[in-house]
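Q: need the 3D shape of this:
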Amino acid sequence: MKKLTRILVPVDGSEGSERAAELAAELAAVSGASLDVLHVTYFDRETDASEESWLPDSIAGPVGEAERRALERAAGQIPASVKAAYHHRTGIPADEILRFAEEKGHELIVVGGRGLSGVKGFLLGSVSQEIVERATVSVAVAK
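A: Model (predicted):
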C-alpha cells in the first residue's frame, strides 16, 4: 500500500465539511501526511466577465466573509500539530476540487456527507457525490 503523504479536504462551512475536516486531520496526524483545506466559491466560468466585475460590492463582501468563516470553521477542527495549508478557488466546486487534487498530487480526498446544497434528503451532497464518482484517487466520506 502506498504511503499517504497528501490529503485534501474541501470545505463549505457546513457541519458535514467540519466533520470531514476533523476526519482528515485525524488521518493526517496518524499518517504524517500534509493536509490541504480548500474552499471553492461557485462561479460559472461560461460567463465572459471576471468575478470581480460582476459581483456587486453588497454581495462581494458577504461572499468573502463566507469564505473566511468556512476556512476558520475547518481550522477549528485541525490541531496545530497537523501540517495544514488553506486555499481558495473560484469556479464550479466539484471541477475545482478535482483539478486541485490532481495538480497537487493528493492520494486522498475527504468530503462531508452533506454540504450546503439545500436538499437534505440525499445521503451525499451533490458535490460530494460528484467527487466520489469522478475522482481518480480514493475518497473518504465523513458522516
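
Q: let me know the secondary structure of Glu103.
A: With DSSP: H, G, I helix; E, B strand; the rest coil as the basis, Glu103 sits in helix.

Q: three-state assignment of Ala28?
A: Counting by three-state DSSP, the backbone at Ala28 sits in helix.

Q: list the contacts of it.
A: If a contact means C-beta atoms under 8 Å, 6 or more residues apart in numbering, then Ala28 has 7, 34-35, 82-84 as its contacts. From N, CA and C alone the C-beta is placed, and that goes for glycine too.

Q: leaving out the residues flanking it, which one is nearest to it?
A: Leu35 (4.3 Å; C-beta to C-beta, 6 or more residues apart in numbering).

Q: assign the one you found to helix, strand or coil.
A: Look at Leu35: counting by three-state DSSP, its state is strand.

Q: dig out what Leu8 forms beta bridges with.
A: According to DSSP bridges, the residues that bridge with Leu8 are Asp36, Ile109.

Q: follow-up on the earlier one: got the contacts of Ala28 as JSON lines, with distance to Ala140, neighbour count and pLDDT columns?
A: Written out in JSON lines, the entries for the contacts of Ala28 read as follows (distance: C-beta to C-beta, whole Å; neighbours: other C-beta atoms under 10 Å; pLDDT from 0 to 100):
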{"residue": "Ile7", "distance to Ala140": "9", "neighbour count": "26", "pLDDT": "98"}
{"residue": "Ser34", "distance to Ala140": "16", "neighbour count": "17", "pLDDT": "97"}
{"residue": "Leu35", "distance to Ala140": "13", "neighbour count": "25", "pLDDT": "98"}
{"residue": "Val82", "distance to Ala140": "16", "neighbour count": "18", "pLDDT": "95"}
{"residue": "Lys83", "distance to Ala140": "19", "neighbour count": "13", "pLDDT": "93"}
{"residue": "Ala84", "distance to Ala140": "17", "neighbour count": "21", "pLDDT": "94"}
